[in-house]
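1. 3D model of this:
(chains A and B)
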Amino acid sequence: MTDATVTNAAGFEPVHVDRQVQKLTRPSLSYWQDAWRRLKANRRAFISLYIVIGLLLFTVVGPWVWTVDPSTQDLDQVSKAPGSDRRAFVAEPYQPWEGVRATVPEGAASTAPPANFKTVGSTTTQAVRLTWDPVAGASGYRIYRNIYRPTAGGALGLPLGDVLSPEQVSFEDRLDLEPMTYFYAVLTLDRFGAVMSPPTSLEVNVVRVITPAQAVERGLVASVADVKVGDELKLALHPFGTDYLGRDLLARLMTGARVSLLIGIFAPLFYVLLGIAYGSAAGFMGGRADSALMRFADFVVALPFLLFMILFKIAFGIGPGESGIFPMLVALVLLSWPSTARLVRGQILQIREEGYIGASRLLGARTGYLVMRHMIPNTMGVILVTLTFAIPSAIFTEAFLSFIGMGVAPPTPSWGSMCNEGIRTMLTTPHELIFPAVMISITVLAFNLLGDGLRDAFDARMRSRE
Amino acid sequence: MTAMPPPPASQNGMTRSAGRSLLWLSVGAAGLFVLLLWALGFLSGMTGDEARASAPGVDFRNNAIALAASQEPPQLDSTRTSDQVSNFVLGHIMEGLLRQDEHDQVIPGVAESWEVRTDGATFHLRENARWSDGKPVTAHDFVFAWRLVVDPKTAATYASLLFPIRNAEAIIAGKVPPESLGVVATSDRQLDVQFEKPVPYFEKLAAFTTLFPVREDFFRSRNGTYAANAEDLLFNGPFTLTRWEHGASFRFEKNGLYWDKDRVKLAAVDVPYITTDSNATLNLYRDGKIAMVGQSPGLGSESLKQALVAGWPIHQMRDGSVWYLQLNFRPDRITRNHNLRKALQLVVDRGEYVYRVLKTPGYVPAASIFPVWLRGAENLFRQEYPAPEVAVDVAAARRYLDLAKQELGLTEWPPLVFLCDDTPSSTKQAEYFQTVFREKLGLEVRIDRQIFKQRIAKMQAGEFDIVSAGWGPDYDDPLTFGDLFASWNPNNHGEYDNPELDRWVRAAQETVDPRGRMAAFGEIQRILIEDAAVITTYERGQSYVQDPRLKGVVRRTIGIDPDFSNAYLEPN
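-> The predicted structure follows:
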């Protein structure tokens, strides 16, 4: 044996025993880590979570970034949709106009339309001044304004007013002038106020103007000296447009979100907690105490919410014109908990009889431990289902109550009251309704989907399952 | 052996048969559903509502028109009524001694001739005036009605209109019996009226709804249900009320017994819709179901935009009312302070308010409680006595506010309560003023929104600091506005009490000379503005759309409005 190798004990070392081989590797996950992992896997819920965080930022941080006062009225831009033209020219302040008087020609009553119909001075959003030649036999004139070019025999548009004396041959239109083209018409009236002549019409282009004082008031320039007449300015920016009093919609949505989310989050949180405490107490005690407690819950279910809301409003001494948010919160908390209590009680009754509870008891677990360690986590699914429905329904309740005028007091906006205001002008300026309505929809949907995802994630029975 | 059960069907067969029965079930259900819908449609057709509602707004075949009303007539007892809708209905189904023609001139009604003196008036009734049961209208019917009006048991809203008649004021106060009223039927066809003091406007009063006749035997036969239903009324006007379904509809038809029936051209005026929903009425007009939209109240700026886009002929009428911010002068209210009122008055920009906020054509800024259309001695009142100008001046307003703060001994301004109606437009107006008072004066304003009745109740109880209110004229004389702030006027809800003003109101009531009266009204106007007793905001006009084929409709500032008694249809 030529290749005999010398071996001895010193040449050996024990084979490394890899004990890990047989172990199923997986990092140990706590309850919360597992829930988080499964929530992340649920894309819908995760997007909703971001939306909810976004909403909270919108509400809390938003007013620091967009510092426009939600109740300031920008009457130069009333009911403007986002992206409207904002150009305006600086002009002298409005001066009253005494008008034009002329002697009425003698002679037989004429059925000819007023001649020489023209404007006086510049035609701006402050005023359009019109004048015409007097007509023999007329005892007054009527002025119309249209947004369409008049056609023969067609409608003349808005009747702006009547001039009651024949010598007065002028009319000043200041009614809601917009920077656009108008078609004015004037006709004569007889002494009974009946139409005497066909109309004469006139096309007028109106320019938007703002006075230096208004520009300062609206914060467009620092002082009156910074602008001179004829300068072009841009009016204040309203990214989401303005409402019927020229108030900034973005600022109002932010303020409104505060009310909506306050009710939407705090009311369900309080009443779900109350419901859990009440339900678990009833379920755990069982027997006569249980049935007494549940009969009381049935009694509370039967109380009408709206009536109690009104009663609380009176009881708290909330006078007219004061916010009804606090009584709304109290009414929601005091009247909405029984549904949660019932669900929790049912779950507790069921879990109480489970084998592991008995085992736990035998091992000396105390009641508090049993409730906190076994019962609450096992009812988490049910609780989260309740919360899932509670948040959006509370937001809806607030919106509904503010819609019917029971909630916030003006000028404080809430999404519901904004919808109420917007619905009146739905056909002509839809953005006033669309923005708050979309905000309510998005919020409710996001909370619903997030709640759905949380329920799946927290459900103890679904633990470690995909 | 008993009969064998049938062999079990194969799995496949069972599914198929289940599918088949499910199919049959669903077909059956669908069929039933269709049947049900058809039956419902048929039933609703049977009740007649559908048939009625489908008649066109301008119905040439039946020579009739259809309209929508904002509410059902609340009170058709002419002696008690006070609202616009009842007035409209009563003006068509009844007639007083005199009536107004299409140019608002007083012309004969039941009376064919009359004399008005300084101490009284005599009316000669026509022979052919008939009640709808064929009996003649007599002077006794007027005496009975007028006694009812002043009877304290009736509690008529407009009882004060009869104050010029002898003893009326004492009867209302309960001092003497109603029989002592200065009205005597000297014969069936002659009515004598004695005045307490000269009444230059008595002819106009004689055409007013409150002075319509009521027949005693018919009134008594109803045992207190007079005017509760169409059957509980007698008619003597151009139309009769043939149907009145409470809250749903009513209808007038031409009265064949009316003495002047030839002037009435329409066979019927149907009101199948009673709704306050302005969008619904606009759609009804669009569908040709009604002949007029916005007759009362007028169209809002939103509806007008739609009418403008649709190219409908828009009309306008002046409803004559003046709107204002009434302030509370009760001792516990801070608005009693003159300087605070001055401050409020100086920041209200009527032009901005009317043209930028209300945005409704026909509305004009009101510089005074006396509207621009009122006639004076020779010319328009406001041309004879122009209202003192109050220009917006925020700096001066702040000075007044500081003075008021010192006078009231306040360290912090308490919130002001602004009472308004709960309609969208009133709320909008209140919100505008809330912001104006906050931004320009730093005053906090709380808005108290109430339904109309409740608003009136709170005004009467004085539960407000500022209230947005309006006043429409009852008769064509500046006095209808002039005595509004007299200390004894029950409509002076702010309890404004100024002896100087009261003196001028008395002077206006007692003077006969028109110039002297107008001078008194001029003083009243000056005092109200200088003392900032009321902040007038706008005079209202109403815009409406009327089918171009309907002609001859008369709109009135004062009186029966709209008046269809001379209306007719004419194809385009």
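2. Contacts only, for the closest residue to chain B within chain A.
-> Per CB to the nearest CB, A:G321 is where chain A lies closest to chain B, at 2.8 Å. Using the backbone N, CA and C atoms, a C-beta is placed for each residue, glycine as well. Neighbouring residues of A:G321 by CB atoms under 8 Å, 6 or more residues apart in numbering or on different chains: A:A409, A:P410, B:P415, B:V417, B:F418, B:V445, B:R446, B:I447, B:D448.
3. Go ahead and build a PyMOL selection from the buried members of the residues you listed.
-> The PyMOL command for the buried members of the contacts of A:G321 (criterion: 16 or more other CB atoms under 10 Å in any protein chain shown) is given here:
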select buried, (chain A and resi 409+410) or (chain B and resi 417+418+445+446+447+448)
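4. Output the contacts of A:G321 as CSV; include the columns distance to A:S417.
-> Below are the contacts of A:G321 laid out as CSV (distance: CB to CB, whole Å):
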residue, distance to A:S417
A:A409, 9
A:P410, 8
B:P415, 19
B:V417, 20
B:F418, 17
B:V445, 17
B:R446, 16
B:I447, 12
B:D448, 16
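5. of the contacts of A:G321, the lowest pLDDT goes to which?
-> Of all the contacts of A:G321, A:P410 carries the smallest pLDDT score, 75.
6. Got phi/psi on residue 164?
-> No chain in the question, so chain A it is. Per-residue torsions, A:L164: phi -90, psi 0 (degrees, to the nearest 10).
7. wrong one, I was asking about chain B
-> Main-chain dihedrals, B:P164, degrees, to the nearest 10: phi -60, psi -20.
8. Could you find the closest non-adjacent residue to it?
-> Closest residue in space to B:P164, ignoring its immediate chain neighbours: B:V199 at 4.1 Å, by CB to CB, 6 or more residues apart in numbering or on different chains.
9. do the same with B:L282
-> What sits nearest to B:L282 in space, not counting adjacent residues and going by CB to CB, 6+ apart, is B:S303, at 5.4 Å.
10. For the one you found, list the residues it contacts.
-> Residues in contact with B:S303 (CB under 8 Å, 6+ apart) are B:S278, B:N279, B:L282, B:V293, B:G294.
11. May I have the beta-bridge partners of the fourth one?
-> This points to B:V293. B:V545 (DSSP bridges).
12. which ones are touching it?
-> For B:V293, the contact set (CB under 8 Å, 6+ apart) comprises B:A68, B:T281, B:L282, B:L284, B:Y285, B:L299, B:S303, B:Y544, B:V545.
13. who's the first one bridged to?
-> Here B:A68 sits in beta bridges with B:Y273, as judged by DSSP bridges.
14. Surely it and B:V271 touch.
-> Yes - at 7.1 Å, B:A68 and B:V271 qualify as touching, with contact defined as CB atoms under 8 Å.
15. just to revisit the earlier point, got the contact list for the residue nearest to B:P164?
-> The contact partners of B:V199, by CB under 8 Å, 6+ apart, come to B:V116, B:P164, B:L205.
16. B:V116 versus the second one, what's the distance?
-> Separation of B:P164 from B:V116 (CB to CB, to the nearest Å) stands at 11 Å.
17. Which one's more surrounded, these two?
-> Neighbour totals were compared for B:P164 and B:V116, and B:P164 leads with 21 against 17 (other CB atoms under 10 Å in any protein chain shown).
18. For chain A, give me its nearest residue in the stretch 1-150 of chain B.
-> The stretch 1-150 of chain B approaches chain A most closely through B:H103 (4.7 Å), counting by CB to the nearest CB.
19. Please list the residues of the stretch 201-350 of chain A that sit near chain B.
-> Proximity of the stretch 201-350 of chain A to chain B, by CB under 8 Å from any CB of the partner chain, involves residues A:Y244, A:L245, A:G319, A:P320, A:G321, A:E322.
20. at 6 Å instead, please
-> Taking CB under 6 Å from any CB of the partner chain, the part of the stretch 201-350 of chain A that reaches chain B is made up of A:P320, A:G321.
21. where do the strands sit along the stretch 201-350 of chain A?
-> Secondary structure of the stretch 201-350 of chain A (DSSP state E, counting those that start in this stretch): strands at A:209-210, A:232-234.
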